[in-house]
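Peer 1: could you look at this predicted model? Sequence included:
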Amino acid sequence: MTSIRSLAGACAVALASMCAFAAPGQAQTYPTRSITMIVPFAAGGPTDVISRIVTGHMAQTLGQSIIIENVVGAGGTTATTRAARAANDGYTLITGHMGTHAASVPLYPKLAYHPEKDFEPIALLAGTPILILARKDFPPKDLKEFIAYVKANAEKVNAAHAGIGSVSHVSCELLHSIIDVKPISVPFNGTGPAMNALVGGQVDYMCDQIVNAVPQINAGTIKAYAIATAERNPSLPNVPTTTEAGLPAYQAQAWNAIFAPKGTSPAILATLNAAAGKALDDENVRKRLLDLGSVIPAPADRTQAALGTLVKNEIAKWTPVLKPAS
Amino acid sequence: MADTMGHTASTTTARNTSAALGIFLLALAPQIFELVWSFGTIFGWGSGRGPLQVVAAHATALATSIPDLLVILSAVPGAIAKYLSTGSSGQVVKATLSSDALLALIYSYPLFAVAIGSLFVTIRGAQDYIGGVMLAALALFALWASSDLQGMHGFSFGAGTAPRMFGVLLLALGAGIAVTGLATDGPNVGHYSWRGPFFVAAAIVFFALAIRPLGLVVTAFASFQIAALGSHETRWIEAVIVGACLTAGCAVLFPYILGLPMPMFPRFLIQ
Amino acid sequence: MELFANLAHGFVVAFSPINLLMCLIGALVGTLVGVLPGIGTIATVAMLLPITFGLPPVGALIMLAGIYYGAQYGGSTTSILVNIPGEATSVVTAIDGHQMAKQGRAGPALAIAAIGSFFAGCVATILIAVLGAPLTKLALAFGPAEYFSLMCLGLIFAVVLAKGSVLKAIAMIVFGLLLSMVGSDIETGASRMAFNIPELADGLGFATVAMGVFGFAEIIRNLDHGAEMNRDLVQQKITGLMPTRKDLTDSTPAILRGTVLGSILGILPGGGAVIASFAAYTLEKKLARDPRRFGRGAIEGVAAPESANNAAAQTSFIPLLTLGIPPNAVMALMVGAMTIHGIVPGPQVMQKQPDLVWGMIASMWIGNLMLIIINLPLVGIWVRLLRVPYRLMFPSIVIFCAIGIYSVNNAPVDVILAGVFGLVGYWLIKHDFEPAPLLLGMVLGPLMEENLRRALLISRGDWSVFVTRPLSAVLLAIAAGLLVLTVLPVLRAKRDEVFTESEN
């Protein structure tokens, strides 16, 4: 079955490339062959899942397949470097996120690309809200108590994060800089081991994306103090927002967006932006994204210009938070 | 490979000289490697220093670090302790040493000393002696490579502590193995042939360089033939047929059945 | 009995035609992936993940699980036939397995690996069903301090592994530890010994080094003058395909012990399965009446680690099924597969998704049965492969390895690095250094350093945590005991030597 499916896919690709041979020249409208979408994280992670859901629909609109290529390493910067150097013909795109296209600037002083100078923004896809999580028997009952407790016991408490440059690391650094404490941050290798340590009570708290935390919160193995978005999330109706809980300054979302290498033609960018927008309006795509706890951008936030502004603002937001840390 | 016991005094001396020469070259291997690499910059490949810059920088580093070497030698025990705890040799010598000078001090000079020392000892088990010295050389190189990393501060380990710890440990073990080679009789170094390693390595390098631009079909077939050069038993008609079949098999197996994204044909043919 | 009702329900799910088909495909692909050098399970599951999006979730997971444990069966094949371990868990299998192949006993080695894996897989599956929930506590009780102590124990296993000089084995472990330091520092993100090469930013890949020091080095060595004789001998010596009665009686206790060790260690997330295979080998060598046979083609040296790694592959599902936390990269990909189907696994996945959980558990048993049916007849084919003239075999292995390494990250630099490690491996062979301890050092190094640093961060620099936490103290005590047991025979052997000489 596997081979039959992939063979069928292969035949389709072969046919498509033959068609491309049959009518050479630039006269045809983009896209004339399959598009490669680089995802800078492992298959199955939040960025990968969002990319696959949205590009699946975009491929239908564009009439060409979009092949996802997962390239992992160095907090996503390996893949982003590769994308920055790719041909700017619209056939190599990248799903960047908060880490690769904003936080990486202060985190990696020797970064081989710049998110603004080396990329053309295409469209914002979806964001995953950040939660403040703690082990189930951590004394504080709500966010106010939590802040007071962490401040009073900064020498004793242990925060956990999923590795330097991960969403959980940078978003926790933001929290620490807002409430002005410097507790010990214990690094883990990925979200799984960090969550294991939190459930096992080895560490006290962490900040993480909503996707993996929901079932643990519902089962009562960990607890959530607040969600760092403007509105409550339908998958966790009982968790207050940071504004409600008394820390309105803490707003964090792991946003994901499509970028193309610098110099890609405006017509291609517009085509891709329209396809992405159409995908985000699709009933089925919306449902699947919402099931993950994602936040879908409003139409006004989906333009290329809006994404460009977001990247600029995010770099400005993370630079002071992460500079002293690295 | 096993006839090691029957050496006479004259062969021992000859072998000692070649061993010393080998270790001397090993001591300069990183510098030579960088020089070879730097020729690429003439043609605009890669980035880095040009050949003249490399030669000048390393020559200066080797020469100017001699005074530092003497300072360190006079304060060896304290320096090692401080080096381990703070991660910089700057406690003894000024912290402004360039990376080249550190390479000379940490890697090259100790190996020069070993090379000279080799001339004056009886090597009873060359396999162990050379093996141990090379491990120690690897350890010294690792110590140099990790010399720019932060050491212990408070109870936090810092990035450099573990690599330096293992580096020192490997240095000690390498030295221990080398001493075994001096103290006890052991086998001689086995015979190295050049044909197999050369062509297998060439096939691998060709594969790495060609897979992106030329695609799987051309690369796999060509690499097969290059690797086949490594054996004198190869029969060419047979190799070409098997190579072609294997390439066809791989071209179906990897991209289609296993779904690995891989370029199939040369890039210039597709576009 | 709720358990039987659950299991019965699971078998109903697993026996549906579509799920049986998925299980078969998973087992076949897994075997293929395991056999092909370089292609790891992580890479394959990642590649095949998109295909599962179109399948029902239960079928998709049954297939992915099949690939995972199927690869454990296949992984032993290249270890035994051509001395190339594709996964960290089959490094030890190569030690005695390849020696057996050189003595013309590749058939029994392959067969016993399959039989051991089958037995271990069946036992571990039952264990998941019966004891899954209580065993979860073990995974949660393991904090950084316990992991560090476990890794210390693992390093002692690596010493016991050595067949030659203990000093050289320790040097190889430390060399492996040093190699594992390349990459980004976990706490500060600083780049360590990476020389600004982007491909080194995340460290040296296991597959890259293993292909180099085992695969390429073995080929280069076989091309040496004078090596032809040995190869021809191997081809003439091939005897029976199936293990003899003596082989089976020798292996039975090894399989039993390997299964127990593997089942327990497999539950531990991160490195459990690797340590399990090494621990099983060490245990057999320690218990053997004549430890010198190990490293020279002892069938227990194949049976025990193969049983252990397959048992561990099965029980590593426990944290995923009971806690919803993926214990390793392959499981994390499976969580991704579930997520895409709208199922996010958590502690309640057993109650909320009984079809999925029990169907998967039942399918593991069916999958193991399929795997042994697939693998035993294949033994004959694999052994026949050894009769292919080496002049044709070696370029083929080079190509397969190169494609395999390239496919892991699509990085040509990885292929060149593997070539460099091939030359390093050739050098190691010439100086009588063993590559197995090096690889173990490389796998354990980061786990050891990271957990040490985590433990000290949490304890604020207090080293006593390693002895005040009971589990950690027990592990360190075992490690110390094992170290004494390892050193004693060396001393005793020296003394015996003295005695024999004085008697003569």
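Peer 2: Ah, there it is.
Peer 1: use CA for all of it now, contacts and neighbours both
Peer 2: Fine.
Peer 1: show me how the chain divides into domains.
Peer 2: No chain in the question, so chain A it is. According to automatic domain parsing, chain A comprises the domains A:36-128+A:254-322, A:129-245.
Peer 1: that's the wrong chain, I wanted chain B
Peer 2: If you go by automatic domain parsing, chain B breaks into B:9-183, B:195-270.
Peer 1: out of those domains, which gets the lowest mean score?
Peer 2: Note on the domains of chain B: domain B:9-183 shows the lowest mean pLDDT, a mean of 78.
Peer 1: want to throw the domains of chain A into CSV with distance to residue C:417 and mean neighbour count?
Peer 2: As requested, these are exported to CSV (distance: least, Cα to Cα, whole Å; neighbours: other Cα atoms under 10 Å in any protein chain shown):
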stretch, distance to residue C:417, mean neighbour count
domain A:36-128+A:254-322, 17, 20
domain A:129-245, 24, 20
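Peer 1: out of the ones you listed, flag the one nearest chain B.
Peer 2: Nearest to chain B among the domains of chain A is domain A:36-128+A:254-322; the distance by Cα to the nearest Cα comes to 7.8 Å.
Peer 1: returning to what we had before: in CSV: the domains of chain A, plus mean pLDDT and distance to residue C:147.
Peer 2: CSV is the format used below for the domains of chain A (pLDDT from 0 to 100; distance: least, Cα to Cα, whole Å):
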stretch, mean pLDDT, distance to residue C:147
domain A:36-128+A:254-322, 86, 24
domain A:129-245, 89, 12
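Peer 1: the domains of chain B: which one's closest to residue C:14?
Peer 2: domain B:195-270 (24.3 Å; Cα to Cα).
Peer 1: relative to chain A, which of the domains of chain B is closest?
Peer 2: Short answer: domain B:195-270, nearest of the domains of chain B by Cα to the nearest Cα, at 5.0 Å.
Peer 1: if we can go back for a sec, save the domains of chain B as JSON lines, and put in distance to chain A and mean neighbour count too.
Peer 2: Below are those laid out as JSON lines (distance: least, Cα to the nearest Cα, whole Å; neighbours: other Cα atoms under 10 Å in any protein chain shown):
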{"stretch": "domain B:9-183", "distance to chain A": "10", "mean neighbour count": "18"}
{"stretch": "domain B:195-270", "distance to chain A": "5", "mean neighbour count": "19"}
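Peer 1: dump those into JSON lines; add distance to residue C:63 as well.
Peer 2: Shown next, in JSON lines, are these (distance: least, Cα to Cα, whole Å):
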{"stretch": "domain B:9-183", "distance to residue C:63": "41"}
{"stretch": "domain B:195-270", "distance to residue C:63": "14"}
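Peer 1: any idea which of those domains gets closest to residue C:453?
Peer 2: domain B:9-183 (6.5 Å).
Peer 1: just checking, what packs against the host helix or strand of residue A:122?
Peer 2: Assigned by DSSP states H and E, residue A:122 belongs to strand A:119-135. Here strand A:119-135 touches helix A:46-62, helix A:191-199, strand A:205-209, helix A:210-219, strand A:222-227, strand A:253-261, helix A:266-281, helix A:304-322, going by 3 or more Cα pairs under 8 Å, 6 or more residues apart in numbering or on different chains; DSSP states H and E.
Peer 1: what's the closest of these to residue C:280?
Peer 2: helix A:191-199 (25.4 Å).
Peer 1: and that closest one, what does it pack against?
Peer 2: strand A:119-135, strand A:158-161, helix C:106-141.
Peer 1: now residue B:131: closest residue in space that isn't a chain neighbour?
Peer 2: residue C:431 (5.7 Å; Cα to Cα, 6 or more residues apart in numbering or on different chains).
Peer 1: list the contacts for the one you found?
Peer 2: Residues in contact with residue C:431 (Cα atoms under 8 Å, 6 or more residues apart in numbering or on different chains) are B:127, B:128, B:131, B:189, B:190.
Peer 1: dump the residue contacts of the third one.
Peer 2: If I follow you right, that is residue B:131. B:174, B:177, B:178, C:431.
Peer 1: now residue C:424
Peer 2: Residues counted as contacts of residue C:424 (Cα under 8 Å, 6+ apart) are C:212, C:213, C:217.
Peer 1: let's go with 7 Å and repeat that
Peer 2: residue C:213 (Cα atoms under 7 Å, 6 or more residues apart in numbering or on different chains).
Peer 1: hmm, back to that, could the helices and strands packed on helix A:191-199 be laid out in CSV, adding distance to residue A:304?
Peer 2: Supplementary listing: these in CSV, determined by distance: least, Cα to Cα, whole Å:
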stretch, distance to residue A:304
strand A:119-135, 5
strand A:158-161, 32
helix C:106-141, 46
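Peer 1: any idea how far the closest residue in space to residue C:93 that isn't next to it in sequence is from residue C:84?
Peer 2: In space, and not counting its chain neighbours, residue C:93 is closest to residue C:302: 5.2 Å by Cα to Cα, 6+ apart. Per Cα to Cα, to the nearest Å, residue C:302 is found 14 Å from residue C:84.
Peer 1: in three-state terms, label residue C:224 for me.
Peer 2: coil (DSSP: H, G, I helix; E, B strand; the rest coil).
Peer 1: that one reaches residue B:194, doesn't it?
Peer 2: No - the pair residue C:224 / residue B:194 is not scored as a contact, 8.6 Å apart, by Cα atoms under 7 Å.
Peer 1: more neighbours, these two?
Peer 2: residue C:224 (18 against 12; other Cα atoms under 10 Å in any protein chain shown).
Peer 1: what about the nearest residue to that one once chain neighbours are set aside, how many neighbours?
Peer 2: In space, and not counting its chain neighbours, residue C:224 is closest to residue B:193: 6.0 Å by Cα to Cα, 6+ apart. For residue B:193, the count of nearby residues is 13 (other Cα under 10 Å).
Peer 1: surely residue B:193 forms part of a helix?
Peer 2: No - counting by three-state DSSP, residue B:193 is not found in a helix; it is coil.
Peer 1: surely it is in contact with residue C:223?
Peer 2: No - taking contacts as Cα under 7 Å, residue B:193 lies outside contact range of residue C:223: 8.5 Å.
Peer 1: for the residue nearest to residue B:131, phi and psi?
Peer 2: phi -110, psi 20 (degrees, to the nearest 10).
Peer 1: just the one 3 residues further on next, same as before
Peer 2: Dihedral angles of residue C:434 (phi, psi; degrees, to the nearest 10) stand at phi -90, psi 140.
Peer 1: still on that earlier bit, test my guess that the residue nearest to residue C:93 contacts residue C:111.
Peer 2: No - using Cα under 7 Å, residue C:302 is not in contact with residue C:111, being 10.0 Å away.
Peer 1: got the buried residues for the helix or strand encompassing residue C:24?
Peer 2: Using DSSP H and E, residue C:24 falls within helix C:17-35. For helix C:17-35, the neighbour count (16 or more other Cα atoms under 10 Å in any protein chain shown) marks C:19-35 as buried.
Peer 1: next one: the next helix or strand after it to chain centre, how far?
Peer 2: Once helix C:17-35 ends, the next helix or strand along the chain (criterion: DSSP H and E) is helix C:41-52. Computed by Cα atoms, centre = their mean, to the nearest Å, the chain-centroid distance of helix C:41-52 equals 19 Å.
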